[in-house]
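>>> With the sequence up front, the predicted model follows.
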Amino acid sequence: MSEDIKLIDVYIMGKHYKVPEGLTIMTALEYCGYRLVRGVGCRAGFCGACATVYNFKNDPQLRFDLACQKTVEQDMYLAQIPFFPAAKAIYDIEKLEPVGATVLSIYPLMEKCFGCNTCTKACPQELEVMWYMSDALRGDIPEVMNKSFDCVMCGLCAARCPQGLVPYNYALLCRRLYGRYLAPRSKHLDDRIKEIEAGKYNAEIDKLKKADKNELQRLYQSRDIEAAY
Amino acid sequence: MPYPAYMEESIRKVEATREKRLKEEMPRLSDAEKAPLLKEFHPDFIEKNMRQLVVGPNKGGKAPLELADLLEGNSRIDPAKIKIDKFDFDVDVLIIGFGGAGASAALLAQENGAKVLVATKLRLGDANTVGAQAGTQAADRPEDSPLIHYIDTIGGGHYANIPELVEALVKDAPSAIKWLEDLGICWDKNPDGSMHELSGGGASRLRLHSCRDYTGLEEMRVLRDEFRNRQIDFLEYAPAIELIMDEKGTVCGAVLVNLETNELVLVKAKAMILATGGIGRLHIQGFPTTNHYGATADGMVLAYRAGAELIFIDTMQYHPTGAVFPVQILGQLVTEKVRTLGAQLCNIEGEQFIMPLEPRDVVASAIIRECKGRNKGIKTPTGELGVWLDSPMIDLIRGEGTIARELPAMVRQFGRYNIDIIKEPMLIYPTLHYQNGGIKIDPDGATTVPGLFAAGEVAGGIHGRNRLIGNSTLDIFVFGRRAGRAAAHYAKKSKTGNPALEHVRRWQKEIEKAGIAKSRPISPRLLPDYARQPYDYLADYAKDMLAPGQVKAA
């Protein structure tokens, strides 16, 4: 680390450290000597393992983010949040009807949502969690799918919900119902599967498997290429 | 202003050439043109960063230094100290790892009547699968066919791929897509239900099935949910540190360790599937990586020590477009979907220098040549070199709103640092992304060691010497399912002898005899060590007093 990099003050579980400006919360913890086992995953904002809370020395308001994506700022108070289990129902996707009543019967507590919007404020992906909760209560499964699609299942909405609800698991059920039952089916996919099962390509693939490098090279170089757009 | 002023100057040049580039067609390179480009600029060809293995099944073969050290490493355990007579679990199929391949294998093994246990190093689903953005290949459109998919795959792999594995890949692809849809995955579709498919580097048809730019995340969260609905046993934070074998050399279980307490967990299994993923966190040749925290090549190390042959381990995939600015996201993936949608690559002068949808090794080499061979890269304030990936082209080509709709993860990731990729390009450079090779398998995922199967990135042969976009999030399902099914059937008829750790004893003797034991690290690696250690204050005698497992890994 060269001398001209500015150091800023952060507090990890209340203890003071100086770290170089520009680190993320995660790399700041590592810079201070923490060897992470929990609270770390893809390190790229996709897996939700590093959901974290923080506030500032002179501002007690809690903020929420992913530790691998959020840059540290002067006087930040950092913490690692403890694990707690979130309720997940067991169901057989094959036997469900894709309607709102299904979601409500699997997760009856959902009705306790009183629309406080704490979940939305906690979402590091900036999803409209409360609004998809109200879509779910109205039985609008496509809209829950759409609004919740970018969810990384970090669990912060559930951690903050004063009613103990688990919005991200309700949304997951809605998306699965949508993908399984409500999305229009793809005919060309089914047709191709039937062709393959009927052995339509076997003889030609056998030929390719036996082809030598020169022949494969010739075929590869002479491919006609479909326009990308 | 997100970019420093001197970088904005170069962006003005990129903007100035957009109109010209809208019409400009970069030629695809012939095999004869590709060869010297790869040889001069692809990291796989830098001889001093490779060495020959001196022990094990691949003795005499080459591997990158970082991997070679771990493959020839010392076991974490002393077989004399572990009694293999009482097991904590006794199952039909033990699966190590839970990304897309491990999850698929678990579901299929259970469906085929096996009692399954999954053990994984981090949480269920903490795997490279979740970070895969662009999509999954399957030749299901009328304009496409499994034959064309076969030729694209084997040409991209430099004709080194194992034909039987490519056959399985392309023939199973459409049914894998269907299987995922039946489980509830929301594929991007056109209003009539047909798949909304995109092109990809090295593919001659539109063949990528995507879920916005969260494809792998969508696949993983649905499979994990299904896995939990099936109530299959699992252990988190419990990586395997050694296999258990009988006197005939058949794999019959594994030694796991509880990462938090160092307690050992002994598992007896009639068959075992390694689905431990890739290698990125070894930072081969010092590259940053797109890979998740646990990608440390553990499965290859365990299999190698048990006598399994590895294949194509001297070739890594450097994804052409890793972020280099801002420094907070250095090395993180900028999905190839950005190029499939129409973004082009430009140097500091705003000039194109490569057809953006060539296979990944070719594009990566061209970017390295532009920066290091031609000195036309852009240097960041922290000293990284990169070229522009001109994302605003996408909306020019496909209409306003395309970027926001198709690339929400990318818009969000750069937006956090006040870079609006709808209006400004991204600065990128190749980043370590994927191991092209791995444990040699047959079409059922069987390795060269009886009782041991492998699937997903840890396996090798499918992709030859270079994998195409969207063939990885395909192979995890194709070979995960195949391995799960095959392992369940194998377990029904396998008769294992006396479980022991004799092969570990033999291994230690072998590396001692070769005179390398003292110079090699402990392996498998388990986790990278990014924690800063300002100084080592422990007295030498104190180091000897550390409890087993507390020994520092590196």
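Yep, that arrived. Numbers count the residues shown, from 1 in each chain, chains lettered A, B, ... in the order given.
>>> Now for the residue nearest to B:Val458 when sequence neighbours are not counted: which residues touch it?
Leaving aside its chain neighbours, B:Val458 sits nearest to B:Gly299 (4.0 Å; criterion: Cβ to Cβ, 6 or more residues apart in numbering or on different chains). Quick note: C-beta positions are derived from backbone N, CA and C, even for glycine. Counting by Cβ atoms under 8 Å, 6 or more residues apart in numbering or on different chains, B:Gly299 touches B:96-97, B:274-277, B:438-439, B:454, B:458.
>>> Out of those, flag the one nearest to chain A.
Nearest to chain A out of those is B:Gly277 (Cβ to the nearest Cβ; 11.4 Å).
>>> Surely the closest one touches B:Gly456?
Yes. Assessed by Cβ atoms under 8 Å, B:Gly277 is found in contact with B:Gly456 at 6.2 Å.
>>> how about residue 175, what does it touch?
Chain wasn't specified; assuming chain A. Contacts of A:Arg175 (Cβ under 8 Å, 6+ apart): A:144-145, A:148-149, B:184, B:186, B:218, B:222.
>>> actually it's chain B I care about, not the one you picked
Contact analysis of B:Ser175 by Cβ under 8 Å, 6+ apart lists A:193, A:196.
>>> Which SSE is immediately downstream of the helix or strand in which it is found?
Using DSSP states H and E, the element containing B:Ser175 is helix B:163-183. Counting by DSSP H and E, the next helix or strand C-terminal to helix B:163-183 is strand B:197-198.
>>> Tell me the strands beside that following strand, with direction?
Paired strands of strand B:197-198, with direction, are strand B:208-209 (antiparallel) (DSSP bridges).
>>> mind checking how far the partner strand is from the chain centre?
Put simply, strand B:208-209 sits 18 Å off its chain's centre (Cα atoms, centre = their mean, to the nearest Å).
>>> contacting residues around it?
B:134-138, B:177, B:187-188, B:195, B:197-200, B:215, B:337, B:340, B:469-470.
>>> pLDDT below threshold where in chain A?
Scanning chain A for pLDDT under 70 picks out A:1-4.
>>> Next, please give the residue ranges for the helices of it.
Applying DSSP state H to chain A gives helices spanning A:25-31, A:100-106, A:118-122, A:129-138, A:141-148, A:156-160, A:167-177, A:187-197, A:202-210, A:213-221.
>>> Could you confirm whether any residue of the first one contacts chain B?
Yes. With Cβ under 8 Å from any Cβ of the partner chain as the criterion, chain B is reached by helix A:25-31 at A:27, A:30-31.
>>> which residues sit in contact with B:Tyr490?
Shown in contact with B:Tyr490 (Cβ under 8 Å, 6+ apart): B:270-271, B:446, B:451, B:453.
>>> I meant B:Met300, not that one.
The contact partners of B:Met300, taken as Cβ under 8 Å, 6+ apart, are B:67, B:71, B:276, B:279, B:310, B:313, B:438-439, B:458.
>>> just checking, B:Lys59 is part of a strand?
No. According to DSSP: H, G, I helix; E, B strand; the rest coil, B:Lys59 belongs to no strand; its state is coil.
>>> Just give the number of residues close to it.
Neighbour count of B:Lys59, defined by other Cβ atoms under 10 Å in any protein chain shown: 12.
>>> how much space between the closest residue to it other than its chain neighbours and chain A?
In space, and not counting its chain neighbours, B:Lys59 is closest to B:Leu53: 5.5 Å by Cβ to Cβ, 6+ apart. In this view, B:Leu53 and chain A are 26 Å apart by Cβ to the nearest Cβ, to the nearest Å.
>>> Verify the stated contact: B:Leu53 with B:Leu67.
No. Here B:Leu53 lies out of contact with B:Leu67, judged by Cβ under 8 Å, at a distance of 9.4 Å.
>>> Look up how far B:Phe325 lies from the residue in the stretch 301-450 of chain B that chain A sits nearest to.
Nearest to chain A, among the residues of the stretch 301-450 of chain B, is B:Gln332, at 4.6 Å (Cβ to the nearest Cβ). Note on B:Gln332: its distance to B:Phe325, by Cβ to Cβ, to the nearest Å, is 11 Å.
>>> Just the element for B:Phe8, please.
Not quite, residue B:8 is Glu, not Phe. Here B:Glu8 is assigned to helix B:5-16, by DSSP H and E.
>>> can you pull the buried residues of that helix?
Neighbour counts over helix B:5-16 (16 or more other Cβ atoms under 10 Å in any protein chain shown) mark B:7, B:10-11, B:14 as buried.
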